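Undergrad: just the structure for this:
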Amino acid sequence: MDDNRRQFLGTAAFGVGGLIALGGTAAAAAAVVETDKGQPGAGGFGLNSEQLPPGATVAYHDPGDISAMPAFTRSLDGSRPKITSGGWAKESTEHQLPIMKGLAGVHMLLDPGSSRELHWHAIAAEWAYVIGGRCQTVVLDPSGQTEINNYQPGDLWFFPKGHGHSIQTIGDEPCHFILSFDNGAFSEHGTFSISDWINVTPKPMLGENFGIKPGLFDSFPKGETYIQAGPVVPISAAVDAPWPRESTHKFSVTRDPRARRDFDGGSFQLATVDEWPISTTMSGGLMVIKPGQMKELHWNPNADEFHYYLAGTGQVALFGSGGRGQLADVKAGDTAYIPAGYGHGIVNTGSDDLQIVQTWNAGKFEEITLKRWMQTAPRYLLSNNMVGVPASTLDRIKPA
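TA: All right, here's what the predicted structure looks like:
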């Protein structure tokens, strides 16, 4: 681990929180304001611009000019579950964490034999990472074609918005997985389930639709079954019928070599629309950061980002412009949400691997790193931006 990384790990808690505190002191703010604000009209009007006397070395940020930095982490697994006869689901959406405008997340468990009933989502596509157990999905697309796939840990599925689908546990172990949706307003309480639809539809209309006597619908569930208990389905009996790789809803992110994207400090297994053509509106996978290492400071210009911390402990530093920054401690079961364009970095503060299921609400994955930007900028520009920094320090950031 190089000197820069040791310094980051040793001072992270002060480096973000301390700068916020110092920048917020009344004395420091007042001192800067005196040289940061001019008179109305100073500098001229229109084409008649005039040079002004030098202002402060650094800009003063008036807290009233931009909204306060919002909370961006939450314990998903510490939240109240929605439970029915065959399992449970916990969710994080913009209703629980207001910053989550572009993505929502769910942790779901299905008991052996249980199924998440036939349903669809009107406002969001669904992306999933299987954590444990085995399951089978059935998806129906607008052409009337059905795909059936079996899943094990490390597999992904993706269902475009509005496509009908279901999830069935196979084998004698529970299956649990992380779901992500490309709309922060999505809620598990608002899925379009067939038992709910049949329950609220007049029986004469149901009889006409299916060509059977209306009274036969008296035995149907009186509400939404959601996750329903049932007999165990042996793995040998769950025969799948996958589509060709170019159109399939399934991707094995931990086993497909196309997904591997190692970085200094860890590994990243990522599926984008380039590797998985059906995943047009979302990308995601599993990031592992080694103990004492970090995912470098960067931002994603084209998408919001959602984290579910699968194992380990860490810290996430978020930069929100206008003098705003937050540092948050995270552990297994927590989530984080990074709005598009916000700078951030992740550090593993524990002795075990930090494992993160990550998703973005764009099929293409894009990121820009702070280190790369500073290393490729002209030296005179970097020196001007970082006034007062010794040349020897800049030499370490930007090698000649």
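Undergrad: could I get the contacting residues of Asp353?
TA: 266, 288-291, 311-312 (C-beta atoms under 8 Å, 6 or more residues apart in numbering). For every residue, glycine as well, the C-beta is placed using N, CA and C.
Undergrad: between these, identify the one with the most neighbours.
TA: Counting neighbours by other C-beta atoms under 10 Å, Ile289 leads the contacts of Asp353 with 24 neighbours.
Undergrad: wait, which of the contacts of Asp353 is closest to Thr169?
TA: Ala311 (22.6 Å; C-beta to C-beta).
Undergrad: residue ranges of the helices in this protein, please?
TA: Under the criterion DSSP state H, the chain contains helices at 3-23, 26-36, 194-200, 203-210, 370-376, 379-385, 391-397.
Undergrad: quick check: end-to-end length of stretch 288-306?
TA: End-to-end distance of stretch 288-306: 15 Å, with C-alpha to C-alpha, to the nearest Å as the criterion.
Undergrad: before we move on, what about stretch 243-260?
TA: 23 Å.
Undergrad: now it: buried residues?
TA: 243, 248-251, 253-254, 256, 259 (16 or more other C-beta atoms under 10 Å).
Undergrad: cool, stretch 273-288 as well?
TA: 273, 275-276, 278-279, 281-288.
Undergrad: gap between it and the chain center?
TA: How far stretch 273-288 lies from its chain's middle: 12 Å, per C-alpha atoms, centre = their mean, to the nearest Å.
Undergrad: now swap in stretch 70-88 and tell me
TA: Relative to its chain's centre, stretch 70-88 lies at 15 Å (C-alpha atoms, centre = their mean).
Undergrad: buried residues, that stretch. List them.
TA: Neighbour-count burial for stretch 70-88 [16+ other C-beta under 10 Å]: 72-74, 76, 82, 84, 86-88.
Undergrad: okay, and which of these map to strands?
TA: 73-74, 82, 84, 87-88 (DSSP state E).
Undergrad: out of those residues, who's nearest Asp172?
TA: Nearest to Asp172 among these, with distances taken as C-beta to C-beta, is Gly87, at 14.7 Å.
Undergrad: ok, the closest one - contacts?
TA: Contacts here follow C-beta under 8 Å, 6+ apart; on that basis Gly87 touches 108-111, 114, 116, 174, 227.
Undergrad: what would those look like in JSON lines with pLDDT and distance to Phe192?
TA: Putting the contacts of Gly87 into JSON lines (pLDDT from 0 to 100; distance: C-beta to C-beta, whole Å) gives the following:
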{"residue": "Met108", "pLDDT": "98", "distance to Phe192": "17"}
{"residue": "Leu109", "pLDDT": "98", "distance to Phe192": "22"}
{"residue": "Leu110", "pLDDT": "98", "distance to Phe192": "19"}
{"residue": "Asp111", "pLDDT": "98", "distance to Phe192": "23"}
{"residue": "Ser114", "pLDDT": "98", "distance to Phe192": "20"}
{"residue": "Arg116", "pLDDT": "98", "distance to Phe192": "13"}
{"residue": "Pro174", "pLDDT": "98", "distance to Phe192": "25"}
{"residue": "Ile227", "pLDDT": "97", "distance to Phe192": "15"}
